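K.L.:
How does the following fold in three dimensions:
(one chain, ligands or ions: 1)
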Amino acid sequence: MRLESLQPRPFLRLLDAPGSRSDQDQDHDHDALNMRLKDKICIVTGAAQGIGLATALKFAREGAIVVACDRRREGVDEAAAACHALGARALGFVVDVTDRSQIDAMVASVRAEFGRIDVLVNNAGITKDARLLKMTEQQFDAVIDVNLRGVFHCAQAVADTMVVQGAGVILNASSVVGIYGNFGQTNYAASKFGVIGFTKTWARELGPKGVRVNAVAPGFVQTPILDTMPERVIEQMRAKVPLGRLAQPEEIANVYAFLASDEASYVNGAVIEVGGGMTV
Ligand code: NAD
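P.N.:
Predicted coordinates:
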């Protein structure tokens, strides 16, 4: 099941002549100098694309050892390789978050390899939209299984390790839809509202054990999850955002990186809206 190998990070190129490198290279060096997640073992679910991939890459640039999980085998391969290309150590696992046995196998492998788990980002999520009067039980169950039950299983699978360590961070993907609701998203809104309930409950339960739990509630982010939406609807979304645009996945990943780092040492039980001001 494990798909990627380990490789040490390269030396920082601090002595290059000014102007000799691309902006991207310099961004990477900037992250490398921050290294807020240096040697932290970070599991990211749904890491094959979109926000999960951006988060895996951001964590890699900040020095994390990334455990990229997704149900898509080739996506996992590519995510781990992309982290690797940034000089990070990375492992890829094919994990469907609706399958507890796959989650447990991944967690056991990570523990066997590294002896600890520092961060879990519960990012994997799906939509299956329909209005209340049209929503099928299959659509309802599919979204709840991934977005809610999957988050429960992944958190439960790592929580005992974090409690024994007396330290750890669990980050959950909510959504502005989980706070305000959205037309056609009964199942999705319920799952993302439920994730906020998880976050606040686990912040109370695990905070005393040294484990912080927070949620991120993005607005509309330019990722493949929006591919099924008509351009007309996306334009309506854009018009609601004071910043006048959708978010890029990296803008959500930056918030995850902050929350995963020790800079957020007093942030617990929070739901951080990252919506460009769309709800003010
Ligand atoms: P995406 O569809 O681009 O990527 C989701 C990833 O999760 C995919 O790689 C997919 O293969 C994986 N995945 C789906 N089901 C899985 C399962 N059962 N097990 C393992 N992996 C699974 O989505 P995205 O836009 O990057 O969204 C990521 C998270 O952020 C989701 O939880 C989503 O609900 C949330 N979110 C997204 C937006 C947005 O506008 N894009 C807004 C708010 C919240």
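K.L.:
Could you use CA atoms for every contact and neighbour count after this?
P.N.:
OK.
K.L.:
Enumerate the residues of this protein near the ligand.
P.N.:
Remark: the part of the chain in contact with the ligand comprises 45-52, 70-72, 95-98, 123-126, 146, 173-175, 217-225, using Cα under 6 Å from any ligand atom.
K.L.:
and with 5 Å instead?
P.N.:
Proximity of the chain to the ligand (Cα under 5 Å from any ligand atom) is limited to residues 46, 48-51, 70-71, 96-97, 123-125, 173, 175, 218, 220-221, 223-225.
K.L.:
Buried subset of the residues you listed, written for ChimeraX?
P.N.:
A single ChimeraX command is used to select the members of the residues of the chain next to the ligand judged buried by 16 or more other Cα atoms under 10 Å:
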select :46,48,49,50,51,70,71,96,97,123,124,125,173,175,218,220,221
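K.L.:
Helices along the stretch 151-280 of the chain, start to end?
P.N.:
Taking DSSP state H, counting those that start in this stretch as the test, the helices found in the stretch 151-280 of the chain are 176-180, 186-206, 231-240, 249-260.
K.L.:
can you tell me which of those the model trusts least?
P.N.:
Within these, confidence is poorest for helix 231-240, with a mean of 89 (mean pLDDT).
K.L.:
List the buried residues in it.
P.N.:
Neighbour-count burial for helix 231-240, with 16+ other Cα under 10 Å as criterion, is recorded at 234, 237-238.
K.L.:
circling back: and the helices of the stretch 151-280 of the chain: which comes nearest I117?
P.N.:
Proximity to I117, assessed across these by Cα to Cα, is greatest for helix 249-260 (12.1 Å).
K.L.:
How about residues contacting that closest one?
P.N.:
Around helix 249-260, the neighbours that count as contacts under Cα atoms under 8 Å, 6 or more residues apart in numbering are 37, 50-52, 54-55, 58-59, 119, 121, 169-171, 214, 216, 218, 221-223, 264, 267, 274.
K.L.:
can we see that at 7 Å?
P.N.:
Counting by Cα atoms under 7 Å, 6 or more residues apart in numbering, helix 249-260 makes contact with 50-51, 54-55, 58-59, 119, 169, 218, 221-223, 264, 274, all of which sit outside it.
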